[in-house]
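*Asks:* for reference, the sequence and a predicted model appear below.
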Amino acid sequence: MHPEKQKHTFEPKIIAFVCTWCTYAGADLAGTSRMQYPPNVRVLKFPCTGRIDPVFILKAFQQGADGVLVSGCHPGDCHYIAGNFHARRRFAVFRKLLEFVGVDLNRLQFSWVSAAEGGKWVEVVTDLTEKVRAMGPMTEFRELALEEQWSGAINTPELEEAYNQI
Amino acid sequence: MTTPLNYSYYPGCSLHASAGEYDLSTRELFKALKIGLTEVPDWFCCGATPAHNVDELLSLSLCAKNLELAEQVEGDLAVACAACFSRLKTAQHVLGESPVKRKQVEKALDAPLHLDGNVKHLLDILARDLGLERLAAAVNKPLTGLKVACYYGCLLTRPTDVTNLDCVEAPTIMERVIESAGATTVAWTHRLECCGANFTLSRPGVVIQLANAILDSAKAAGADCIMVGCPLCHGNLDIRQKEIEGVYNVEYNLPVFYLTQLVGLAVGLGPDKLGLDAMIVNPMPLLKEKNLS
Amino acid sequence: MTKSIDTSIYAAVSEAIRAEAQRILSDGTVTAIVGYAAARRKGSAQPIVISSADDAAKLIFTPACVNNLAVYLTKAKKEIPKKGKVGIVVKGCDLKALSGLMGESQLKREDLYLIGVPCAGVLASTVQPATELTSDSIAPKCTECDAQLPGGCDFVPPQAPLTPGQTRKYAAEIARLEALTPAERWAYWKEQFSKCIKCYACRQVCPFCFCEQCLCDRNKPQMVDTTPRPAGNTAWHIVRAMHLAGRCAGCAECERVCPMDIPLNLLNRKMAKELKELYDYEAGFEVNDKGPLNSYTEKDDQSFIK
Amino acid sequence: MKKKKMIISRETMDVDFVRKVEALSGTSVRRCFQCGKCSAGCPMATFMEHPPNRVVRLLQLGQWQRVLAGRSIWYCASCETCSTRCPNKVHLASIMDALRKLSWDLDGPSKESYVQLANKIFLDNIRIYGRQYEMRLAAVFNVKSGQFLKDMMLGPKLLSKGKLKMFHSKNKNMPEIEKIFARIEEMRRKGEAL
Amino acid sequence: MSRIGVFICHCGENISRTVDVERVAREVGLLPGVAFSTDYKYMCSDPGQNLLKKAIQEQKLSHVVVAACSPRMHERTFRKAVEAAGLNPFLCEMANIREHCSWVHENKEEATVKAVEIVGMMVERVKKNRVLPTITVPVTKRSLVIGGGIAGIQAALDIADAGHEVILVEREPSIGGHMAQLSETFPTLDCSQCIMTPKMVDVANHPKIRLYTYSEIELVEGYIGNFQVTIRKKARSVDEDKCTGCGVCMEKCPIRKIPNKFDCNLGMRPAIYVPFPQAVPNTPVIDRENCTKFKTGKCGLCQKVCGPGAVDYEQEDRLIVEPVGAIVVATGFDLYNITEKPKGSMIKGYGEFGHGKIPDVIDGMTFERLASASGPTGGKILRPSDGKEPKQIVFIQCIGSRAREKGISYCSKVCCMYTAKHTMLYHHKVHDGQAYVFFMDARTPGKAYDEFWRRSIEEEEAVYIRGMVSRLYQKGDKIVVMGSDIAVGVQVEIEADMVVLATAVQPQAGADALAQKLGISYDKYNFYSEAHAKLRPVECATAGIYLAGACQGPKDIPDTVSQASAAAAKVMTLFAKDKLEREPIVARVREAGCVGCFACKKVCAYGAVEEKEIRDRQGNLIKVVAYVNPGVCGGCGTCQATCPSKCVELDGYTDEQIVAMIEAL
């Protein structure tokens, strides 16, 4: 018995950067346990959260992601000894930077999901999807990409025509 | 520097009826200890066991309403009756955990819920807020030589992780409080056993059997008296004691004090201020014997 | 209210620098000295490299000596350090950058002769070189300076700078921005970044941007859009701030040289503030083996992680 | 009830009823693995025809009629010893509450009428007076249960000790109480609450 | 131009039930660079793999994407197949459309669209994959075994018998572990010490085994084939080379009343002691906390009486570094106890049983010591409180185990059997006594196990009561047991003389700290995690580290010995080759761009980054750059994320590959 599926007008794109040993395995466990979660997430596998460059998060937003999830092993459980500890500092600082330039941090989630936490994976992904869905699309970077220099206002008919012909 | 202690006070129905001495002694004791106590205006029954027994929604709604009323008075909510205490705490817990039930109760009250206030049993206030040291300092007439069996009953510490008064299986808070008042406590086996509670009305036979086991255990451990924090326990152990003695053909003669009565004695309050005359098993011979009256 | 700032010691400081330079060049302690000399316009100053004791008289220190000379030891004049030990005139802020560079294996302490200057502040980039130094004309970074007297140098003139308490300009601006909503902040920075013409002067002048190939110039893969358009500009400035986090010593050269007046140091200061709050890290005179983002403790804050 | 053979099939196992119990009690019935620790510690087990663990067992089999027909649930004192000690975190005391509530709704097919009667009078008292008056509670109970002489010995003694108040004081919140009762009834009528 | 082949697996119906595989194949086939795409019922089957190989050769494919289950499942399988077809295995990637798609979604349209996108991402990624040559590293053919219980002893003997050196490290002063404490063993009732002590002696005498007792693991560095292990050899205060084991010191020691942990604190020992008479090595150790010499500086009697002059009060902890190629972890278990636990701890105690304060309520191990002929009572079952023989004895099973409320949900596996054994031992020793057992389920799978349990009831007259106990309390010199018999449906009360609790098996205290040193994973109870529950039950996910015994989960002796031998076999397999091939997922430095800031070196947890001088032809130093030792590199990529100019790249996870995936969104 399943509840009637709700139709949404906006389906957010969520990108998840995960480590292969814990969170990827946790997501696998969610699968083997046949848990259900929204299909909005695309998973990118890394050996370790230590490998995840903040630039990837930026790149993901620029490529149209509405939400980004970064998830790895719990502290002390890193397969590579300390990658997640380095990542923890790196992202603690990076999110402050993004916040300062005006990115709503509700779109950027960090989590520890172990290989045994299929349920937590489902919860984290579902929560983020629903949260971002409620917030609507991430327009900031997308609008930026469409803009030219000096705010990109196309304010004369000639320019407009020229632009349209491109 | 210590900040003055002030509480809103929920006596509960029994304290306005059969357990009037509990109410009286609580008010007098707190006055003597300079702890403020303001009765919640126009509180009503928490629903007690019958309500949650057959109608949880009603029970939760009544408790939530009382918690709302308590908000009108400054301070944490002090509760004397163990059953009221357990019910109010449980309601807070359940409504905090279950959004479904919370919604239903909000609807029944037609008002948003106030669940953040602290609900504290008198024991908690004496042992933690006031502190045992300050309590001991207020003792004028230590209960030296009085051997007390502290009876917790069911509801002071239960449910687990909800009342948070003390360890659910091995509580010591009553012992600590009354030892601070100079009394000796006895180790006995039936501290946490049920007395039959509200079956006193519908199935008194049950109560007589269970209460007998408790009295027997306390007597066997060498106690002079029993201390309780619940009017229902008190009723079953004190009011029915003579009847029990008759049924089992034994003699216990164990006065059953409310904790506020015993602590009140130690603080130096007279029998009239503690309602000792309302006790069915007359405590006066014992108190005389121990030089406490 | 405008308060004037006492720069009377600068003359004596200049004198002391010249004498010391004369000495160390003559006795061969150093082969060259990087310092400041007067430039053509009245009151202005410019960096100079001298290798003869005769040129020591050219050295000065004035409120116009704004440059961070550390950059001359790394990429700008890479050949300089190789000739032998080099002397360098450093303000406190510049010294922090040097310490950072030493921590990142770009310089060795034993290759340097540090001439520290007691500094009461230098001029803002927005005023003319001959302007009097006041609480208005002072460079914003100097309002937050905690390093008027450099420490651990080989030589520091004995004069002590006097500085009045001042409004911390970056702190105030950071607080103002933090109080805004994310959307308002985004609008603010969008406006600022849209001015950027990608001239990379900020990169050029930064002592820490010593990479031979900048990530932002790479095209395989292209991590950051290289064209001077808002999307790429925003990415560049975010990446720049992130790469400098935990390294930037606050010399504010980036902001000074920006032709479009983008408040670049604001981002750097914000990062510094966060690192202070999170890991109690501050750039200082001591050489750290590891920066705050190259190290960790097991108890680091993780309240933001689910 | 005579011990009838239990015919088990999908039809005779009333899973919906069990789900209702689980919703009301907020605890799982299936989780119980029948260790019997609840029955071992239950002060009332000797008065019950089905000890607590068996009440849960019957529920697991969807045989609620057998449970409600007996007096076990009405002999539970709500002391919560079972819930406290259950190794499996089955909150049996809440299950008992839920069963009594459902039995009450079904107008009590149970044998145990005294406890139900006491509860009923108790709740009526709250609705009418806002608080409980033990004298009235006892008096009405004795009248309604036909035990006119029960506890006769206690009455005068208690009265003399001031333990039974004959009169009740006024409560400003009485209209509120009535509204709460009414709203709950309304919700139930509309099916918004169990 | 790449010629990518995409293979979509149905996984029977596991994928095709919710993902329209034909449509995925069709749509992916249109992507630039995709030369071939198809779907098949079972890609991992032989015909599936043949299909893949044939397509590579016939279609001249340059890269392969297999869209199927999780790469954690079959990446190896497909990379092997690709290699067999003549392509470099690292030109093959898997798209996970089962665990991450078909199994977690129900809507076919949504799942299909997602699958297309997942495969599309992997297509873009694989285009950037490079040929990676396999890396070979040398293997140090010595192994470390941590823990000297039966698991560690068995593993050490097996490996040593195969001719490889073994370093055996034990925390306690003697090897033997818990098995040395047992009296008899089920289901044969042979004496534990009779079968255990010869093995302990074998260890001591084996030329290939180096034994470090009273020692702990301080630090583990390196990787499979090349670990560097630092061992802390705690100060024993007795020189092992000089000591002859005569025992005079122990006889003369004036401190005699220290509870002996080996005897579950029932017996007493002196301050200089061996835990039990058959200890290996038979060298005493001074318990510095209780020794008068160490407490006050006076005494020194043991040194005076020691003929060979072995007692050395100045001895200090020593750190020893041992290079090893493989590690067997055999740290065993500890028993749960019912005492009160700190507030907020995951595990709770048993207040209803008095929190361990009733003296005659003991645990199973204490009963073993009472029953053991070498125990403190010489094998007599006597009450700790008054030394009387208990005539009514109650055993309660599942204490702590299967008790979600107490924080442990698992079954401890051995208690049913050892309780049955206890009833027999009791019946043999106290003929007029009666044993009762409260139990929920009797779990007796195993050869001759159920027969053993039935024997305890049918022949040894133990009374089994199906039901649990709610409360225990002291009443006079009896313990009142309030239980129930759920078969009868009544409460049961027994006035017992003694109660034995079958408490849960837990990992050793500090198991998590050791796991963190080793870099292996563990579950929420701190049991070590195997790489695969069924197919790799003795290996850790961390290569080169193997598990034996109860540190991985509750086990009885036969299971433990089997697993220890299996772990030893794994070590021998590793040692069978001189060089080890390893995945080439390692970081490489682009020296041209490296400016030598060594941020990479600072963050590398493996110490894999070295400094390398670049010189011109005349030998002049041009610059110093970073160099990653591929043998040491763990492959986490933290260096790359840290490098500001990205001049260090992790093969297999390059920026190009990752950016390609992000851009494919």
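*Replies:* Yep, that arrived.
*Asks:* burial count for residue E:409?
*Replies:* Residues contacting residue E:409 under the criterion other CB atoms under 10 Å in any protein chain shown number 15. Every C-beta, even on glycine, is put in place using the N, C-alpha and C of the backbone.
*Asks:* contacting residues for it?
*Replies:* Contact analysis of residue E:409 by CB atoms under 8 Å, 6 or more residues apart in numbering or on different chains lists E:402, E:403.
*Asks:* what lies in contact with stretch D:102-122?
*Replies:* B:48, B:50-51, B:53-55, B:198-199, B:201-203, D:17, D:20-21, D:24, D:64-65, D:68-71, D:73-75, D:132, D:137, D:140-141, D:144-145.
*Asks:* now stretch C:126-143
*Replies:* With CB under 8 Å, 6+ apart as the test, stretch C:126-143 has contacts from C:1-5, C:7, C:39, C:41-45, C:63-64, C:66, C:93, C:120-125, C:164, C:166-170, C:250-252, C:255-256, C:265.
*Asks:* kindly report the same for stretch C:176-183.
*Replies:* A:99, A:100, A:102, A:103, A:104, A:105, C:185, C:188, C:266.
*Asks:* for PyMOL, what selects the buried ones among the contacts of stretch D:102-122?
*Replies:* Here is the PyMOL command that picks out the buried ones among the contacts of stretch D:102-122, judged by 16 or more other CB atoms under 10 Å in any protein chain shown:
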select buried, (chain B and resi 48+50+51+53+54+55+198+199+201+202+203) or (chain D and resi 17+20+21+24+64+68+69+70+71+73+74+75+132+137+140+141+145)
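*Asks:* in helices only, show me the contacts of stretch D:102-122.
*Replies:* Among these, the members falling in helices (DSSP state H) are B:48, B:50-51, B:53-54, B:199, B:201-202, D:17, D:20-21, D:24, D:64-65, D:68-69, D:137, D:140-141, D:144.
*Asks:* hang on, the earlier thing: now list the buried members of the contacts of stretch C:126-143.
*Replies:* Buried among the contacts of stretch C:126-143 (16+ other CB under 10 Å): C:5, C:7, C:44-45, C:63-64, C:66, C:93, C:120-124, C:166, C:169-170, C:250-252, C:255-256, C:265.
*Asks:* do you know how far the residue lying closest to residue E:382 once chain neighbours are set aside is from chain D?
*Replies:* Counting by CB to CB, 6 or more residues apart in numbering or on different chains, residue E:382 lies nearest to residue E:389, which is 6.0 Å off, once chain neighbours are set aside. Separation of residue E:389 from chain D (CB to the nearest CB, to the nearest Å) stands at 27 Å.
*Asks:* got the contact list for residue E:389?
*Replies:* Contacts of residue E:389 by CB under 8 Å, 6+ apart are E:380, E:381, E:382, E:383, E:430, E:433.
*Asks:* can I get the residues you listed in TSV including pLDDT, secondary structure and neighbour count?
*Replies:* Shown next, in TSV, are the contacts of residue E:389 (pLDDT from 0 to 100; DSSP: H, G, I helix; E, B strand; the rest coil; neighbours: other CB atoms under 10 Å in any protein chain shown):
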residue	pLDDT	secondary structure	neighbour count
E:380	95	coil	14
E:381	97	coil	21
E:382	96	coil	18
E:383	96	coil	19
E:430	96	coil	19
E:433	95	coil	17
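*Asks:* closest one of the residues you listed to chain C?
*Replies:* Checking the contacts of residue E:389 against chain C with CB to the nearest CB, the nearest one is residue E:383 at 46.6 Å.
*Asks:* hmm, who's touching stretch B:59-68?
*Replies:* Residues from elsewhere that reach stretch B:59-68, judged by CB under 8 Å, 6+ apart: B:10, B:40, B:43-47, B:51-52, B:77, B:87-88, B:90-92, B:94-95, B:101, B:104-105, B:108-109, B:111, B:113-115, B:117, B:119, D:126, D:173, D:176-177, D:180, D:184.
*Asks:* specify the local secondary structure of the residue nearest the centre of chain A.
*Replies:* Nearest to the mean C-alpha position of chain A, by CA atoms, centre = their mean, lies residue A:68 at 1.0 Å. Judged by DSSP: H, G, I helix; E, B strand; the rest coil, the three-state class of residue A:68 is strand.
*Asks:* pairing partners for it in the sheet, please.
*Replies:* The partner list for residue A:68 in beta bridges (DSSP bridges) reads residue A:15, residue A:108.
*Asks:* return the member of the contacts of residue E:389 nearest to chain A.
*Replies:* Set against chain A, the nearest of these by CB to the nearest CB is residue E:381 (42.2 Å).
*Asks:* hang on, isn't the closest one packed against residue E:370?
*Replies:* Yes - with contacts counted by CB atoms under 8 Å, residue E:381 reaches residue E:370, the gap being 5.4 Å.
*Asks:* give the closest residue to residue 16 in space, chain neighbours not counted.
*Replies:* I'll assume chain A. Spatial nearest neighbour of residue A:16, chain neighbours left out: residue A:69 (4.1 Å); criterion: CB to CB, 6+ apart.
*Asks:* nope, chain E please
*Replies:* Residue E:16 sits nearest to residue E:10 (CB to CB, 6+ apart), 4.0 Å away.
*Asks:* and for residue C:60?
*Replies:* The spatial neighbour of residue C:60 that comes closest, neighbours along the chain excluded (CB to CB, 6+ apart), is residue C:14 at 4.8 Å.
*Asks:* can you say which helix or strand has the one you found in it?
*Replies:* Residue C:14 belongs to helix C:9-26 when assigned by DSSP states H and E.
*Asks:* how many residues are close by residue 76?
*Replies:* The chain I'm using is chain A. Residue A:76: 16 surrounding residues under other CB under 10 Å.
*Asks:* actually it's chain E I care about, not the one you picked
*Replies:* Look at residue E:76: counted by other CB under 10 Å, it has 12 neighbours.
*Asks:* now it: which helix or strand?
*Replies:* helix E:71-84.
*Asks:* quick one on the thing from earlier: which residues does the residue nearest to residue C:60 contact?
*Replies:* Taking CB under 8 Å, 6+ apart as the contact definition, residue C:14 lies against C:59, C:60, C:61, C:62.
*Asks:* and it, how far is that from residue C:151?
*Replies:* Distance, residue C:14 to residue C:151, by CB to CB, to the nearest Å: 21 Å.
*Asks:* repeat that for residue E:457.
*Replies:* Separation of residue E:457 from residue C:151 (CB to CB) stands at 83 Å.
*Asks:* burial count for residue 138?
*Replies:* Using chain A here. Close neighbours of residue A:138, defined as other CB under 10 Å, add up to 22.
*Asks:* my question was about chain E
*Replies:* By other CB under 10 Å, neighbour count at residue E:138 equals 13.
*Asks:* same check, this time on residue E:402
*Replies:* Neighbours around residue E:402, by other CB under 10 Å: 22.
*Asks:* give me phi/psi at it?
*Replies:* phi 50, psi 40 (degrees, to the nearest 10).
*Asks:* is it correct that it is in contact with residue E:410?
*Replies:* Yes - if you go by CB under 8 Å, residue E:402 and residue E:410 touch, sitting 7.2 Å apart.
*Asks:* and the helices in chain D?
*Replies:* Under DSSP H, chain D gives helices at D:15-25, D:37-41, D:52-60, D:64-69, D:81-85, D:92-105, D:113-129, D:134-144, D:154-160, D:174-189.
*Asks:* same check on the stretch 201-306 of chain C?
*Replies:* C:201-205, C:230-244, C:253-257, C:264-279 (DSSP state H, counting those that start in this stretch).
*Asks:* and those helices: which comes nearest chain E?
*Replies:* Closest of these to chain E is helix C:230-244, at 4.9 Å (criterion: CB to the nearest CB).
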